[in-house]
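Visitor: When you get a sec, could you give me coordinates for this:
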Amino acid sequence: MEAREFLAIAMFALFIGLIFTGFPVAWVLGGLAVLFTAIAIVFERDLGLYTGVDWSYTSLLVERIWSIMDNWVLVALPMFILMGLLLDRSGIAGELMRNIARLFGRVRGGLAITVALIGILLAATTGIIGASVVLLALLGLPPMLKTGYNPALATGTVCAVGTLGILIPPSIMLVLMADRLAMSVGDLFLGAFIPGALLGGLYVLYILGYAILKPESAPVPDDAPPVDRTIILDALGASLPAAALILAVLGSIFFGIATPTEAAGVGAFGALLLALVKRQLSGQTLREVLQETTRTTGYIFAIFLGATAFSLVLRGLGGDHLIHEALLGMELGPYGTLLLILLFTFLLGFVLDWIEITLIVLPLVAPVVVNLGFDLVWFTVLFAVCLQTSFLTPPVGFAIFYLKGVAPPEINTPIIYRGVAPFVLLQILGGGLILAWPALVTWLPSMAYSN
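Guide: Coordinates of the predicted model:
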């Protein structure tokens, strides 16, 4: 093994190890870039071993950082974050919960189905995992537990459905992926639409099946009213604001009226109007939302800069070539190599956040997938489904942590783990369906091009 390859492997292994220290990820990434540049210089200058990395090489980082901060696509990030936070404060979710719960009140498992449907709808408007999980937990968990739902089913539903916001467009993760791979954000939004709906449908079917097989675990509330015209109209009326916002954002992208960046601005403005109409837009609320948007955006861009430095040095040490040769050298065939990449991504999700995997791992494996002849949009959506699963898998399952922070004291971590386990299997099933039928991803983009 060459010295540069040894350094590349050591750099990546040390990064995974340092994640467990709790030190800010952005500083870990940037610090390792500086450290291994210095080590590479010592190897080449004092030991006579070629590494290909020195301070003049890492000066390329200045240009790369400028290209990140000058990227108009990334302007969509703070707009989508702002839109999600404003909707969280507007009271729309609470109104949805009350009205849709009445609509499915006499269906066994109806409260869990209500949480699932609201989560799917919120996923297409917020796109922020933390906000979705916490909101669904506060709105849906108490009535489910009060009615006598199995705590594992209740917590698993909240966690799993809350993670759909990272996949169903408009998705922050898809925006980052499109930027890293120089792809069209609109193509990824179109490609992820059906898979996101598929996963939501699998969740609802599982809840229905669970309620039928174990009726005592998902009982019908004693005070559930019969469904009438008023209840149906109330449910439709409560859904209209969120549906209109989804149509304004996604419709403007899908029909070519606006770019994703412009559509993000439309979404943020629409969420602002909804909060104003609902009389939830006070000066304090606006200040808190802007501060949280700034913190979240700053966190993402800090990791952006650290990951850019890390990736530059890793590529300089031949890390991308090493991964390319290692994957192709196994001679597993196209689908065998693809499955290995997805398995590796799934396992990384146990210890790494989706942002680090998107910024570091995805650009390294995507060229291999393209060389194998696979469609890049299809692979990227499949990769995104794997990353969505990372929110549910311990020890870095952020959805689990979000829920534990607001759940009643009697809901302990083992209960949540038991609850999310079936949904992780459903995620794997959904990924298998997308793998078997690529048209689930490619059909909508192909229809857009044909029109």
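Visitor: Give me the most central residue, this protein.
Guide: I166 (2.8 Å; C-alpha atoms, centre = their mean).
Visitor: That one: what's it in contact with?
Guide: Residues near I166 by C-beta atoms under 8 Å, 6 or more residues apart in numbering: G127, I129, I172, M173, W354, A384, L387, Q388, F391. (Glycine included, C-beta is placed from N, CA and C.)
Visitor: which element is M83 on?
Guide: Using DSSP states H and E, M83 sits in helix 76-89.
Visitor: Give me the helices and strands touching that helix, please.
Guide: In terms of contacts (3 or more C-beta pairs under 8 Å, 6 or more residues apart in numbering; DSSP states H and E), helix 76-89 is packed against helix 129-147, helix 172-180, helix 229-254, helix 260-277, helix 283-316.
Visitor: try it again with 10 Å
Guide: helix 110-123, helix 129-147, helix 172-180, helix 229-254, helix 260-277, helix 283-316 (3 or more C-beta pairs under 10 Å, 6 or more residues apart in numbering; DSSP states H and E).
Visitor: Would you mind putting the CA coordinates of it into CSV?
Guide: The C-alpha trace of helix 76-89 is given here as CSV (Å, rounded to 0.1, in the frame of the first residue of the first chain):
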residue,chain,number,x,y,z
ALA,A,76,-33.0,27.8,-1.4
LEU,A,77,-31.7,26.2,1.9
PRO,A,78,-32.5,29.1,4.3
MET,A,79,-35.8,29.8,2.5
PHE,A,80,-37.0,26.2,2.9
ILE,A,81,-35.9,26.2,6.5
LEU,A,82,-37.7,29.5,7.2
MET,A,83,-40.8,28.1,5.5
GLY,A,84,-40.8,25.0,7.7
LEU,A,85,-40.3,26.9,10.9
LEU,A,86,-43.1,29.3,10.1
LEU,A,87,-45.5,26.5,9.3
ASP,A,88,-44.5,24.9,12.6
ARG,A,89,-45.6,28.1,14.4
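Visitor: That helix: what's the following helix or strand?
Guide: Using DSSP H and E, the next helix or strand after helix 76-89 towards the C-terminus is helix 92-103.
Visitor: Show me what that following helix is packed up against.
Guide: Counting by 3+ C-beta pairs under 10 Å, 6+ apart, the packing neighbours recorded for helix 92-103 are helix 110-123, helix 129-147, helix 229-254, helix 260-277.
Visitor: low-confidence ranges in the stretch 251-400 of the chain?
Guide: Along the stretch 251-400 of the chain, segments meeting pLDDT under 70 span 351, 353, 394-396.
Visitor: Please parse this structure into its domains.
Guide: Per automatic domain parsing, the structural domains of the chain span 3-71+300-450, 73-296.
Visitor: looking at these, which is buried most?
Guide: Stretch with highest mean neighbour count among those: domain 73-296 (a mean of 20; mean count of other C-beta atoms under 10 Å).
Visitor: per-residue confidence averaged over stretch 14-31?
Guide: Stretch 14-31 carries an average pLDDT of 82.
Visitor: Start the count at 43 instead of 1 going forward.
Guide: That works, and once the first residue is 43, the last one we named lands at stretch 56-73.
Visitor: Name the residues that touch it?
Guide: For stretch 56-73, contacts defined as C-beta atoms under 10 Å, 6 or more residues apart in numbering pick out 74, 77-78, 103, 340-353, 355-356, 390, 393-395, 397-398, 401-402, 437-438.
Visitor: Show me how far the helix holding M125 is from its chain's centre.
Guide: 15 Å (C-alpha atoms, centre = their mean, to the nearest Å).
Visitor: tell me the angle of it relative to helix 214-222?
Guide: 180 degrees (axes from the mean of the first three to the mean of the last three C-alpha atoms, to 10 degrees).
Visitor: and the angle from helix 118-131 to helix 325-358?
Guide: Using the same axes, to 10 degrees, one finds that helix 118-131 and helix 325-358 are set 140 degrees apart in direction.
Visitor: give the contact list for F146.
Guide: G152, L153, A154, I155, T156, A158, L159, V262, A266, V269, I273, A277.
Visitor: Which of those sits closest to L418?
Guide: Using C-beta to C-beta, A158 is the member of these that lies nearest L418, at 30.8 Å.
Visitor: which ones are touching that closest one?
Guide: Here A158 is in contact with 146, 151, 178, 182, 199-200, 202-203, 206, 242-243, 245-246, 248-250 (criterion: C-beta under 10 Å, 6+ apart).
Visitor: swap in V149?
Guide: Per C-beta under 10 Å, 6+ apart, neighbours of V149: I155, T156, I249, L250, A253, A260, V262, A266, V269.
Visitor: Quick one: which of these has the lowest pLDDT value?
Guide: Among these, A266 carries the lowest pLDDT, at 68.
Visitor: which helices and strands does the helix or strand hosting A202 pack with?
Guide: Per DSSP H and E: A202 is located in helix 193-204. With contacts defined as 3+ C-beta pairs under 10 Å, 6+ apart, the packing partners of helix 193-204 are helix 152-165, helix 171-189, helix 227-255, helix 440-448, helix 455-478.
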